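Participant: no sequence on this one, just coordinates:
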C-alpha cells in the first residue's frame, strides 16, 4: 500500500512537471489593433479564420511561428489541435476557397518585425522573448 501511495505521488509530480515543460506564449499584434484583451475562444476563432475582423472592422491577418515547441504549445493551449491537424485545416480552407494559409516565420525577430510593420496582424511568441514594437494581448 505504501508503494502504491508513493507511486501515485510520483505520477502527480511528473504530470505537474510535464505541464511546465511546454513553452509559454504571448499573443502579439500590430500596434494599430485596438483589442488588448481576448478570450481563449476568441483566440481560437481568430487562428481558425472564423473571426476575420478586429473590433474596429480592420481585417485580421494571422502569422504563425515555425518554432515547433512554441507552435505546438500555442495550438494545444488555444486552438485545441495538433500541428498536423492545424495544417490540414488550413489546407482544406485554402482548397475550398474559404481562407488563405497563415504566413509563417523561422525566427521570432522576423515574425515580430512583420507584425510591427503590417496593420491587422496577430501572432504569438515565446513568453521569454521581449516584445518589440508590437502590442501584447491579454488572454482571459
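Facilitator: Looks like it arrived, so ask away. All values derive from a computational prediction rather than experimental measurement.

Participant: excluding its backbone neighbours, what's nearest residue 119?
Facilitator: Leaving aside its sequence neighbours, residue 119 sits nearest to residue 32 (Cβ to Cβ, 6 or more residues apart in numbering; 4.9 Å). Just so you know, the C-beta spots here come from the backbone N, C-alpha and C atoms, and that holds for glycine as well.

Participant: show me what contacts the one you found?
Facilitator: Residue 32 is in contact with 58, 119, 120, counting by Cβ atoms under 8 Å, 6 or more residues apart in numbering.

Participant: what's the closest of the residues you listed to residue 44?
Facilitator: residue 120 (18.3 Å; Cβ to Cβ).

Participant: find the centremost residue of this structure, please.
Facilitator: Against the mean C-alpha coordinate of the chain, by Cα atoms, centre = their mean, the closest residue is residue 74 at 3.9 Å.

Participant: how near is residue 57 to residue 26?
Facilitator: 25 Å (Cβ to Cβ, to the nearest Å).

Participant: give me the more crowded residue out of these two.
Facilitator: Counted by other Cβ atoms under 10 Å, residue 57 and residue 26 do not tie: residue 26 has more neighbours, with 20 against 6.

Participant: pull the contacting residues for that one.
Facilitator: Contact analysis of residue 26 by Cβ under 8 Å, 6+ apart lists 124, 125, 126, 127, 129, 131, 136.

Participant: and for residue 126?
Facilitator: Residue 126 touches 23, 24, 25, 26, 67, 70, 108, counting by Cβ under 8 Å, 6+ apart.

Participant: just the ones of those residues in helices?
Facilitator: 70, 108 (DSSP state H).

Participant: which among the contacts of residue 126 count as buried?
Facilitator: The neighbour count (16 or more other Cβ atoms under 10 Å) marks 23, 25, 26, 67, 70, 108 as buried among these.

Participant: give the contact list for the last one.
Facilitator: Pointing back at residue 108 there. Per Cβ under 8 Å, 6+ apart, neighbours of residue 108: 65, 67, 125, 126, 129.

Participant: mind putting the contacts of residue 32 into TSV with neighbour count?
Facilitator: Below are those laid out as TSV (neighbours: other Cβ atoms under 10 Å):
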residue	neighbour count
58	15
119	13
120	18
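
Participant: all set, thanks.
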